[in-house]
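1. Have a look at this prediction, sequence included:
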Amino acid sequence: EQKRDKRRALTKFELECIRKTELTKEENCYVSLLLYTGCRRGEILGLTKADINLQKRQININKAVKYPASGVIEISAPKTSAGYRTIPIYEPLFPVLRDYLQSLRTEYLFTRKDAQTGKCCVLTQSGAQRFRKKIYNKVSDTARMESVDIATLERKTLLETKFQWHMLDSSNLYNYQNHT
């Protein structure tokens with residue numbers, strides 16, 4: 001039986017590396033949504049402009065993107081009734097969302113252009129993986145630059161342990177933000 005990686009909150013060093021990384025508006029919005037909402041990846045990928053109310057400073061979670069074995073992208077209801085929720089937009093997230101929404105020309109926040117139709121649509125599974133990998137690589141590059149003059153212990157937290165995407169995809173980031 002294969003052991004699952006133990007989930008943990010990001011360290012202060014890792015969080016600082018994320019903050020110092022130069023990201024595009026789209027990448028910054030994705031990472032900020034992960035950091036300040038506790039939403040799952042699929043919930044974030046399913047967000048539309050209509051789900052975000054800047055006046056009330058709220059995000060309505062009412063669907064998620066799923067990638068079943070069939071390979072057809074599904075946009076479906078949350079797994080349980082508790083999955084339907086309204087999340088407050090905290091101050092650090094507000095300007096990021098506002099600026100990104102102003103530049104957005106599509107219904108969904110995170111899209112790709114379909115090669116056959118030329119229309120924008122939700123990211124495919126491989127597209128979402130490439131998008132996350134690109135962010136991961138940028139953050140890793142920042143961490144390597146930052147680690148030159150830091151203590152060995154700090155280097156180990158990001159560079160010598162498995163920096164897994166679940167650290168950016170689960171509520172542990174949200175919990176970290178609200179308990180430090």
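-> Here it is on my side, so go on. Residues are numbered from 1 along each chain as shown.
2. what's the spacing between residue 25 and residue 81?
-> Distance of residue 25 to residue 81, computed by CB to CB, to the nearest Å: 33 Å. For glycine as for every other residue, the C-beta is placed from the backbone atoms N, C-alpha and C.
3. Report the contact partners of residue 84.
-> 61-62, 77-78 (CB atoms under 8 Å, 6 or more residues apart in numbering).
4. neighbour count winner among residue 25 and residue 81?
-> residue 25 (14 against 8; other CB atoms under 10 Å).
5. Would you list the phi and psi of residue 78?
-> The phi and psi values for residue 78, taken as degrees, to the nearest 10, are phi -60, psi 160.
6. give me the beta-bridge partners of residue 88?
-> Note on residue 88: beta-bridge partners by DSSP bridges are residue 58.
7. which stretches of the chain form helices?
-> Taking DSSP state H to define them, one finds helices in the chain at 12-20, 25-37, 41-45, 94-103, 125-146, 152-159, 166-169, 171-178.
8. now the first one, how far from the centre of its chain.
-> Helix 12-20 has its C-alpha centroid displaced from the chain centroid by 15 Å (CA atoms, centre = their mean, to the nearest Å).
9. got the CA positions of that helix in PDB?
-> Extracted in PDB, the C-alpha atoms of helix 12-20 (Å, rounded to 0.1, in the frame of the first residue of the first chain):
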ATOM      1  CA  LYS A  12       6.300  31.400   6.600                       C
ATOM      2  CA  PHE A  13       9.300  31.000   4.200                       C
ATOM      3  CA  GLU A  14       7.100  29.300   1.600                       C
ATOM      4  CA  LEU A  15       4.400  31.800   1.900                       C
ATOM      5  CA  GLU A  16       6.900  34.600   1.600                       C
ATOM      6  CA  CYS A  17       8.400  33.000  -1.600                       C
ATOM      7  CA  ILE A  18       4.900  32.900  -3.100                       C
ATOM      8  CA  ARG A  19       4.300  36.600  -2.300                       C
ATOM      9  CA  LYS A  20       7.700  37.600  -3.800                       C
END
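10. Now tabulate the helices of the chain in TSV and tack on mean pLDDT and distance to residue 112.
-> TSV is the format used below for those (pLDDT from 0 to 100; distance: least, CB to CB, whole Å):
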stretch	mean pLDDT	distance to residue 112
helix 12-20	86	24
helix 25-37	93	11
helix 41-45	92	11
helix 94-103	97	16
helix 125-146	87	5
helix 152-159	38	29
helix 166-169	50	19
helix 171-178	47	25
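11. So for residue 114, which of those helices sits nearest?
-> Proximity to residue 114 (CB to CB) singles out helix 125-146 among the helices of the chain, at 10.6 Å.
12. Mind exporting the C-alpha coordinates of that closest one to PDB?
-> What follows is helix 125-146, C-alpha atoms only, in PDB (Å, rounded to 0.1, in the frame of the first residue of the first chain):
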ATOM      1  CA  GLN A 125      -7.200  18.700 -17.100                       C
ATOM      2  CA  SER A 126      -3.800  18.900 -18.800                       C
ATOM      3  CA  GLY A 127      -4.200  22.700 -19.200                       C
ATOM      4  CA  ALA A 128      -5.000  23.100 -15.500                       C
ATOM      5  CA  GLN A 129      -1.900  20.900 -14.700                       C
ATOM      6  CA  ARG A 130       0.300  23.000 -17.000                       C
ATOM      7  CA  PHE A 131      -1.100  26.200 -15.500                       C
ATOM      8  CA  ARG A 132      -0.300  25.000 -11.900                       C
ATOM      9  CA  LYS A 133       3.100  23.700 -13.000                       C
ATOM     10  CA  LYS A 134       4.000  27.100 -14.400                       C
ATOM     11  CA  ILE A 135       3.200  28.800 -11.100                       C
ATOM     12  CA  TYR A 136       5.000  26.100  -9.200                       C
ATOM     13  CA  ASN A 137       8.100  26.600 -11.300                       C
ATOM     14  CA  LYS A 138       8.100  30.300 -10.700                       C
ATOM     15  CA  VAL A 139       7.700  29.900  -7.000                       C
ATOM     16  CA  SER A 140      10.400  27.300  -6.900                       C
ATOM     17  CA  ASP A 141      12.800  29.700  -8.800                       C
ATOM     18  CA  THR A 142      12.000  32.400  -6.300                       C
ATOM     19  CA  ALA A 143      12.600  30.000  -3.400                       C
ATOM     20  CA  ARG A 144      16.000  29.000  -4.800                       C
ATOM     21  CA  MET A 145      17.000  32.700  -5.100                       C
ATOM     22  CA  GLU A 146      15.800  33.500  -1.600                       C
END
